[in-house]
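Colleague: Show me the folded form of this:
(one chain, ligands or ions: 1)
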Amino acid sequence: MSSLQTQTAEWWWFPEQGRSSQLSCVNCPGIDLMDMAADILQPQGDDTARISWNLRRKIAMYQETFSVIEKCPKPVVVAVHGACIGGGVDLITACDIRLCTQDAWFQVKEVDIGLAADVGTLQRLPKVIGSRSLVNDLALTARKMYADEAKSSGLVSRLFADKEAMMSGALEMAGEIAGRSPVAVQGTKINLVYARDHSVAEGLDYMATWNMSMLQTDDLIKSAQAALEKKSPKTITFSKL
Ligand SMILES: CC/C=C\C=C\CC(=O)SCCNC(=O)CCNC(=O)[C@H](O)C(C)(C)COP(=O)(O)OP(=O)(O)OC[C@H]1O[C@@H](n2cnc3c(N)ncnc32)[C@H](O)[C@@H]1OP(=O)(O)O
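Modeller: Residues are numbered from 1 along each chain as shown. Just a heads-up that it's a prediction; the model follows:
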């Protein structure tokens, strides 16, 4: 399998006490262009049908490597510094919260290497950035988008002066999320992803079904009690989900 070149990829997990959040720090030049030649460009099979079938299966496998981030019930915070190109954009658009440093830049570079991005960018970026014109501009011209535009367009929600400041902010944010009830946090992520892909009526219906069981959690009582006592949710011990 071709690999995604990730010059820096560090993952933090916050699993203690069922706390829910994950953090990843990336600087990613995209798919390994050397690996790609051996893998994608030489699909195996006895005839066109079989070659195509095998290639389709491989593409689906690549797609899944990013979709699992979205399927993970725990929120994933991604912190980007430097270049985030091609597969890097596929990766970050599958994450829940995106942060970057002032030196970060983003590039949907696939058209430059002769292909249509096929592992998530074209499907998720339009849902992340409100402007279809901007998405088309980025995906069709492969121009670089720098940090300020990434922030103003909504691709990232917070911008930091440098990697050190970003990692401190990102860890604090992940800690804030991890300090909340895992039932509330994971239910929020799952319902937000569902709502993105469905009508408001369908989303509300799904939510009602979700909460008919989840509202019965002890976490609600504990959290409401802490709120009444003006205590942070981080002071509560939630059982592992
Ligand atoms: C599972 C994946 C699924 C989806 C795939 C999606 C498709 C894509 O990802 S398309 C995008 C592919 N990536 C690129 O086209 C990036 C090309 N690289 C660059 O633009 C630059 O190298 C850079 C990342 C901006 C870094 O520039 P700079 O700091 O000036 O360093 P360089 O001298 O250019 O590179 C250093 C060294 O790294 C090699 N390299 C860089 N990127 C790749 C890559 N994507 N694949 C393989 N190798 C790469 C580069 O050739 C240099 O190697 P040397 O041996 O030192 O010459």
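
Colleague: Going by neighbour count, list what's buried in the helix or strand harbouring V68.
Modeller: Take DSSP states H and E as the rule and V68 turns out to sit in helix 48-71. Across helix 48-71, burial judged by 16 or more other CB atoms under 10 Å covers K58, Y62, Q63, T65, F66, S67, I69, E70. The way it works is simple: take the backbone N, C-alpha and C, and place the C-beta from them, glycine included.

Colleague: Next, find the distance separating the second one from W53.
Modeller: Spatial separation of Y62 from W53 under the definition CB to CB, to the nearest Å is 15 Å.

Colleague: Check which element follows the longest strand along the chain along the chain.
Modeller: In terms of residue count, the longest strand belonging to the chain (DSSP state E) is strand 76-85. The helix or strand immediately downstream of strand 76-85 is helix 87-93, counting by DSSP H and E.

Colleague: Run through who's touching that following helix.
Modeller: 4-6, 26, 28-31, 66, 69, 78, 80, 84, 98, 106-108, 117, 119-121, 124-125, 128 (CB atoms under 8 Å, 6 or more residues apart in numbering).

Colleague: List the neighbours of the next helix or strand after it that are in contact with it.
Modeller: Tracing the chain past helix 87-93, the next element assigned as helix or strand by DSSP H and E is strand 97-101. With contact meaning CB under 8 Å, 6+ apart, strand 97-101 is reached by 75-82, 84, 92, 128, 147, 150-151, 155-163, 165-166, 169-170, 173.

Colleague: and the angle from the longest strand of the chain to strand 97-101?
Modeller: 50 degrees (axes from the mean of the first three to the mean of the last three CA atoms, to 10 degrees).

Colleague: Show me what stretch 108-119 is in contact with.
Modeller: By CB under 8 Å, 6+ apart, the list of residues contacting stretch 108-119 reads 30, 33, 59, 62-63, 65-66, 85-87, 89-90, 121-122, 125, 138-142.

Colleague: near the ligand, which residues of the protein?
Modeller: Residues of the chain lying near the ligand by CB under 6 Å from any ligand atom: 2, 4-5, 29-34, 62, 83, 85-87, 90, 109-110, 113, 119.

Colleague: just for this protein, where's the confidence low?
Modeller: Along the chain, the parts satisfying pLDDT under 70 run over 1-26, 37.

Colleague: what residue is smack in the middle of it?
Modeller: What sits nearest the mean C-alpha location of the chain, by CA atoms, centre = their mean, is C95, with 0.9 Å.

Colleague: so what's that one closest to, chain neighbours aside?
Modeller: Of all residues not flanking C95 in the chain, V78 sits nearest, at 4.0 Å (CB to CB, 6 or more residues apart in numbering).

Colleague: count of neighbours near the one you found?
Modeller: V78 has 26 neighbours, counted by other CB atoms under 10 Å.

Colleague: picking up where we left off before, double-check the residue nearest to the centre of the chain against K74; I have them as touching.
Modeller: No: C95 is beyond contact range of K74, at 11.2 Å (criterion: CB atoms under 8 Å).
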